[in-house]
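Asker: Sequence and predicted structure are below.
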Amino acid sequence: MSKKWKYGMSLAMIPAVLGMVGATLTEAAAQTTAKHASGVTTVIFWEDWTGQGQQQMMKMVDKFNATHKNIQVKDVVQSNMITKFLTGATSGNVPDIMEWDRWQTALYAPKGVLYPINNFVKQDNVNLKDFYQQALNELTWNGNLYGLPLTVDARALFYNKTLFAKAGIKNPPQTWAQLAADAKKLTIWKNGKLVQAGFLGPQAGDFNMWLQQAGGSMLTPNNKKTNFNNAKGLAVLNFWHQLLFTDKVYQIGFDSGLPNGEDAFGVGQAAMELNGPWMLGTYEQYGNKLNFGVVQPPKGPGPAGRRASMMGGFGMAIPAAAKNKQAAWVFEKWWIANAANDAYWGKESSNLPGNIIAGQEPYFTKNPYIKPFLETLKYAKTRPAVPGYFPLEGNVTIPIFTLFEEGKMTAKQALQKAQQQGNEVMAQNPQQ
């Protein structure tokens, strides 16, 4: 299974840790590969997936090792991986390659802790058109590419067909207005307690997606200031307020209080949610107990309204201080640039491969659950690739909009406070 986007370390720690990194570590060319006496190069691969996800990573490592006698990859699971990576960058105690949350590139690449793969791509004639341009943009800084996209994902609308039929709703919603109307019909309260949520959410971390659906954008065109304290940002929070406090189709914490950690949508206690392809494997395990469908996200209101979603996902990155860069690249290229291998990975892990060619296999294009995500990825956008955006979301918009969802701030108060603090964060993390 894939992972949702995450923060690898406390964002408040970032400036201090990066200060330890010091001067740039980027080298002019790939370092000569060091070999053991046996002639076998050991490539250290860091990743922080757990459970089934880690087992699926190991399948790919074993598959590579079985076909490469002179290069053997050692998979090392790391907790607090980013923190360990940054603190180890000064001493060279870093892996040769690591699983990489792509949207962190703009924050760390300027510090010289990542190695650009431009020369590797050129020498091996890797066709970058085989990958989603948005994902490549997220891995690029100042003209340098720092990895290939391992996975791509986007939010789409999951809906429970059985609950829709019981409520007399024939088709899933295509607009915000239809979403609100359907969610209201699908919501059930009993004795003052929510027992069936019409819609799970909204989630504070998805504000960017909702804002784009309303026709807005998080940052100004020059990416220097916030751009959401306006009519479009207000439209988002007003719609959230309608769902949460007027129509009461959801209650904060409803889906986290179920027994045995059950998933509210999975057990039929929620009729709709915006979620990613990483949930498909989980929901398919419910079998006939869950009759669900997936469609593209709804369109926002008015003339400016549109379909929009956020593209997320992971890549692989080679640290600037890695000892075996060339061998690490061989591993990365084998996994991601080889469409057959990347397709195998996608099938095994229930991920959408970052390689477009791999995603064109019938396994993906003919699957009624996956196809809506592939359609959504055609217009999904990644987060702005600027240093300030990472702490803007993590330290500002998510905490503030969570307070709004808890009823502790009005929409205007939340937008004004997020704008003020957000502009301060953007100024503290200028583009270089």
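Answerer: Noted; the coordinates are in hand. Note that the coordinates shown come from a computational prediction; the quantities given were computed from them, not determined experimentally. Residues are numbered from 1 along each chain as shown.

Asker: Strands along the protein, start to end?
Answerer: Under the criterion DSSP state E, the chain contains strands at 41-47, 71-77, 97-101, 140-141, 144-145, 151-152, 156-160, 188-190, 193-196, 272-275, 292-295, 314-317, 352-353.

Asker: Any chance of CSV for the ones you listed, columns distance to T83?
Answerer: The C-beta positions use only the backbone N, C-alpha and C, and glycine is treated the same way. Output for these, formatted as CSV (distance: least, Cβ to Cβ, whole Å):
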stretch, distance to T83
strand 41-47, 12
strand 71-77, 15
strand 97-101, 13
strand 140-141, 21
strand 144-145, 24
strand 151-152, 23
strand 156-160, 33
strand 188-190, 44
strand 193-196, 38
strand 272-275, 28
strand 292-295, 36
strand 314-317, 16
strand 352-353, 28
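
Asker: The residue nearest the centre of the chain pairs with what?
Answerer: The residue lying closest to the centre of the chain (Cα atoms, centre = their mean) is G312, at 3.1 Å. Beta bridges link G312 to D153, judged by DSSP bridges.

Asker: Surely it and L377 touch.
Answerer: No. G312 is not in contact with L377 according to Cβ atoms under 8 Å; the separation is 10.6 Å.

Asker: Okay, the residue nearest to the centre of the chain and D153: tell me how far apart.
Answerer: G312 sits 5 Å away from D153, taking Cβ to Cβ, to the nearest Å as the criterion.

Asker: any residues in contact with both of these two?
Answerer: By Cβ atoms under 8 Å, 6 or more residues apart in numbering, G312 and D153 have these common neighbours: G276.

Asker: one step back: overlap in contacts of G312 and L377?
Answerer: Joint contacts of G312 and L377 (Cβ under 8 Å, 6+ apart) are 152, 154.

Asker: Report the buried residues of stretch 305-320.
Answerer: By neighbour count on 16 or more other Cβ atoms under 10 Å, the buried set for stretch 305-320 is 305, 307-320.

Asker: ok, of these, which one's closest to I398?
Answerer: Distances from I398 to the buried residues of stretch 305-320, taken as Cβ to Cβ, are shortest for M310 (13.4 Å).

Asker: which ones are touching the closest one?
Answerer: Residues in contact with M310 (Cβ under 8 Å, 6+ apart) are 154-155, 206, 208-209, 212, 380-383.

Asker: State the pair within the residues you listed that is farthest apart.
Answerer: Taking Cβ to Cβ, no two of these sit farther apart than D206 and T382, at 14.2 Å.

Asker: Point out where the stretch 1-150 of the chain drops to low pLDDT.
Answerer: 1-38 (pLDDT under 70).

Asker: Which stretches in it count as helices?
Answerer: Here the stretch 1-150 of the chain has its helices, by DSSP state H, counting those that start in this stretch, at 14-21, 51-67, 81-88, 105-108, 118-123, 133-138.

Asker: Point out the most buried one among those.
Answerer: For those, the stretch with the most neighbours on average is helix 105-108, a mean of 24; neighbours defined as mean count of other Cβ atoms under 10 Å.

Asker: for that one, packing partners?
Answerer: Using 3 or more Cβ pairs under 8 Å, 6 or more residues apart in numbering; DSSP states H and E as the contact test, the elements touching helix 105-108 are strand 140-141, helix 389-391.

Asker: Give me the pLDDT value at Q420.
Answerer: On the pLDDT scale, Q420 is placed at 98.

Asker: Share the number of residues neighbouring it, please.
Answerer: By the criterion of other Cβ atoms under 10 Å, Q420 has 13 neighbours.

Asker: Ok, K129 next?
Answerer: When counting by other Cβ under 10 Å, one arrives at 9 neighbours for K129.
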